[in-house]
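J.: Model the structure of this input:
(one chain, ligands or ions: 1)
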Amino acid sequence: MKTNTKQISKFLSLILRHNPGKIGLQLDENGWADVNELIYKSNTHRNQLNIEVLKEVVRTNDKKRFAFNEDDTKIRANQGHSIKVNLEYTPIQPPEFLYHGTVGKFREDIRRKGLLKMSRHHVHLSEELETAVKVGSRRGVPIILTVRSGEMYRDGIEFYQSDNGVWLTDTVPPEYIDFQR
Ligand code: HQG
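T.: The predicted model follows:
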């Protein structure tokens, strides 16, 4: 991503996932913002936002963080919210194993309590090892946990997948986590 679109992506993450009130915006219960209102209100606080730029950010974002509705009048973040929104996920069957990248300092807590969603709506897991390595690397030297998601699912625990492919679940109890691979 170009620097400009990267900055705008960060700004959109802040507004659409965590703090729409920062620019006086309100999201509907499903997390959607009105595109015109978003542009107008962003430009009274900072500049550079117009429909072309927004479309470029949605199209080129490395993790498909945002999506338009069918007629491009609304926009929302695909996942990662800390504010309460209903993204209308439907439960689906996960693969047998999923990965979670974190760092060593959290290991003992995770061993005791399992993976918790912390400030997000869900625990985030990935199908690709490489993605988990990237996620863990944001915080330091990554450690990769393997989650026995197939077993969890058979035990009745629900999984969802966001539009951009992230696997989501409420919590991962420690007995389903393998700490070494
Ligand atoms: C850790 C980014 C102590 C957990 C990424 C993680 C991802 C615990 C941190 C997405 C714990 C939460 C999500 C426990 C979990 N004790 N620490 N019991 N349970 N943790 O950022 O999974 O750029 O909320 O291991 O790429 O790191 O936002 O979750 O280190 O896809 O699109 O608590 O965020 O995507 O951190 O990252 P986060 P995450 P975006």
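J.: in stretch 101-117, what's buried?
T.: Using 16 or more other C-beta atoms under 10 Å as the test for burial, stretch 101-117 gives G101, T102, F106, I110, G114, L115. Yep, even glycine has a C-beta here, placed from its N, CA and C like the rest.
J.: Contact partners for the fourth one?
T.: Same thing as I110. When contacts are counted by C-beta atoms under 8 Å, 6 or more residues apart in numbering, I110 is found next to T102, L145, P174, I177.
J.: re the thing from before, can you narrow the buried residues of stretch 101-117 to ones near the ligand?
T.: T102, F106, I110, L115 (C-beta under 6 Å from any ligand atom).
J.: quick one, helices of the protein?
T.: Ranges of helices in the chain, per DSSP state H, are 3-13, 35-45, 51-60, 107-113, 129-137, 149-154.
J.: quick one: buried residues of the fifth one?
T.: Which is helix 129-137. T131, A132, V135, G136.
J.: Just give me the closest of the buried residues of stretch 101-117 to N50.
T.: Set against N50, the nearest of the buried residues of stretch 101-117 by C-beta to C-beta is G101 (35.6 Å).
J.: Within range of the ligand, give me the residues from this protein.
T.: Residues of the chain lying near the ligand (C-beta under 6 Å from any ligand atom): 63, 65, 80, 102, 106, 109-110, 113, 115-116, 118-120, 124, 135, 139, 166.
J.: In strands only, show me those residues.
T.: Counting by DSSP state E, these place T102, H124 in strands.
J.: picking that back up, which pair in the buried residues of stretch 101-117 has the greatest spatial separation?
T.: Top of the distance list for the buried residues of stretch 101-117 (C-beta to C-beta): G101 and G114, 15.9 Å.
J.: that older thread, now the buried residues of stretch 101-117 in a markdown table, please, with extra columns for pLDDT.
T.: Shown next, in a markdown table, are the buried residues of stretch 101-117 (pLDDT from 0 to 100):
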| residue | pLDDT |
| --- | --- |
| G101 | 98 |
| T102 | 98 |
| F106 | 98 |
| I110 | 98 |
| G114 | 98 |
| L115 | 98 |
